[in-house]
Structure formats: structure tokens, C-alpha cells
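Trainee: Sequence first, then the predicted structure, then my questions.
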Amino acid sequence: GPEAAARDARYAALDAVAERHGAAAVLLGHTRDDQAETVLLGLARGSGTRSLSGMAAVSGPGSRYRRPFLAVDRHTTRRACLVQSLPVWDDPHNADPAFTRSRVRHEALPTLEKALGKGVVEALARTARLSRDDADALDAWTDEAERSVRTDPATPHELDVERLSDLPPAVRRRVLRRSVVSAGAPAGSLFARHIEEVDRLITAWHGQRAINLPGLVEARRQGGRLVIRQG
């Protein structure tokens, strides 16, 4: 959608400027309020732990992007700018109710705070920190599991069904998602329901046909193997 396209355009522009000036880092102005909005959007989509972990303090190629204000609320950040006579520019799109994040900022979060009391933003930001620790641990476990379920290192998209079935569901689904993406499925078009259908080829096998996935990728069970390839 337009929000994702605008985000891609912003980062492309920042990358170009950073390369031109040989910048070691680019500091972004995301605050604790932005983090809370990101977590709430992830909850609304029914996303997994990684999505609920929100924005990382450090990200991007070569750890280029830094977010030093994730623990500071938006009001305090604006006041600090005013005290130091730093100009603050408000993106008009942030007040446009046509955009989902704008509705979360101006409608959803204030309604939650009215119903639940102050502290919702802080709680959501804390959820992001805790979720990121959990997601990092699960990703490390998945690295090891991914290697163990391959039937042959030369054929990374053929996985052993019995070994997959022995994995905890959270780890197994991460392995499946990675395999589907590496086979050619666009990560942004791959949703939880897709991975759940692939998972049923392992946990609820009754002879079903191949699962068609975004990017013309298909997952098929062949004997004791799960074969994921681009068709």
C-alpha cells in the first residue's frame, strides 16, 4: 500500500544521502509512541513475535540506522527540540485518517488510554522489548533446526518430515517460513495462514495436494519429504 511504498522511498533517499556523505550512521526520530503504534498494528494483524517486537534500536545494512529515542515519549522529544530551538516538521500525512497508522495514533491509542488508564504506551513499548528478546532466541534456535531438517545440504528446499514434526511448533513454522521465502515467495506477501497450511502437510497429513503460495512457490509432501520449490 501507499504507506509501505512511502517508507521504502524514505529509506532509499536516506541510503542515497548516507552513501553520498560517507555517513557512519543515520539517526532516526522514532519515539516510544511510534514503537507502541507499531506493536498495536502488529497485534491487530495477528502477527507473530517478531512483528510484536517492533522497531529495533539498530537496523539496516551495516547497522546504519539507529533509533536513540525509542525509550523517550514524543512529547518529551518535541519539548527538547523547542528548548534547543530545533525546528520540528510535522508530516501532514500523520494527521490524515485515510492512513492506518494515523488512525491508530489519533483514535485507537487515545481510546485505549481512556478505557484502561495511562500507561498503555509504556506497556506496549515494554512488550516490544520482551518480544524482541524472545524472537532473537527463537531465531537462534531456528538456525540450528533449519540445518538439522534438510535431507541433503545440496537440496535446501527438501526437508525431512519426521524431523520437522519433532520440532516445537514455533520453531517449525519459522523453519517453514524461511524455506518458503528462500524458494522465492515475497516475504511481504506471505501471511500466517500460508504457513499454517504448509504446516498441515506435516501435522495433519491426509494426502492433500500441493499448497500454492505467493511468488509461484508450491509446497508438496512427497513420501517422507517436504519439497518447497518455485513452480
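Mentor: Cool, got the structure. A quick note: this is a predicted structure, and the numbers were derived from the prediction, not measured. Numbers count the residues shown, from 1 in each chain.
Trainee: can we go C-alpha only for contacts and neighbour counts from here?
Mentor: OK.
Trainee: Following element in sequence after the lowest-mean-pLDDT helix or strand in the chain, please.
Mentor: Within the chain, no helix or strand scores below helix 49-52, which has a mean of 84 by mean pLDDT, DSSP states H and E. The helix or strand immediately downstream of helix 49-52 is strand 58-59, counting by DSSP states H and E.
Trainee: May I have the distance across stretch 188-195, first residue to last?
Mentor: With Cα to Cα, to the nearest Å applied, stretch 188-195 spans 13 Å between its terminal residues.
Trainee: and for that stretch, what are the contacting residues?
Mentor: Applying Cα atoms under 8 Å, 6 or more residues apart in numbering, the contact partners of stretch 188-195 are S47, R173, L176, R177, L213, P214.
Trainee: at 7 Å instead, please
Mentor: R173, L176, R177, L213, P214 (Cα atoms under 7 Å, 6 or more residues apart in numbering).
Trainee: cool, stretch 219-228 as well?
Mentor: Applying Cα under 7 Å, 6+ apart, the contact partners of stretch 219-228 are 157-161, 180, 183, 198, 201, 209-212, 218, 229.
Trainee: which of these has the most neighbours?
Mentor: Neighbour counts for the contacts of stretch 219-228 (other Cα atoms under 10 Å) peak at V180, which has 28 neighbours.
Trainee: is it true that H30 touches F69?
Mentor: Yes - counting by Cα atoms under 7 Å, H30 does reach F69; the two are 6.2 Å apart.
Trainee: one step back: narrow the contacts of stretch 188-195 to those in helices?
Mentor: R173, L176, R177 (DSSP state H).
Trainee: For the residue lying closest to the second one once chain neighbours are set aside, the count of nearby residues, please.
Mentor: So the one you mean is L176. Distance criterion Cα to Cα, 6 or more residues apart in numbering; nearest residue to L176, sequence neighbours excluded, is I195 at 6.9 Å. Residues lying near I195 (other Cα under 10 Å) number 19.
Trainee: Next one, pLDDT for I195 please.
Mentor: I195 is assigned 93 on the pLDDT scale.
Trainee: Using the three-state scheme, assign it.
Mentor: Assigned by DSSP: H, G, I helix; E, B strand; the rest coil, the conformation of I195 is helix.
Trainee: and the gap between it and D136?
Mentor: Here the criterion is Cα to Cα. By it, I195 lies 20 Å from D136.
Trainee: Spit out the contact partners of R209.
Mentor: Per Cα under 7 Å, 6+ apart, neighbours of R209: R220.
Trainee: cool, V26 as well?
Mentor: Contacts of V26 (Cα under 7 Å, 6+ apart): R64, Y65, R66.
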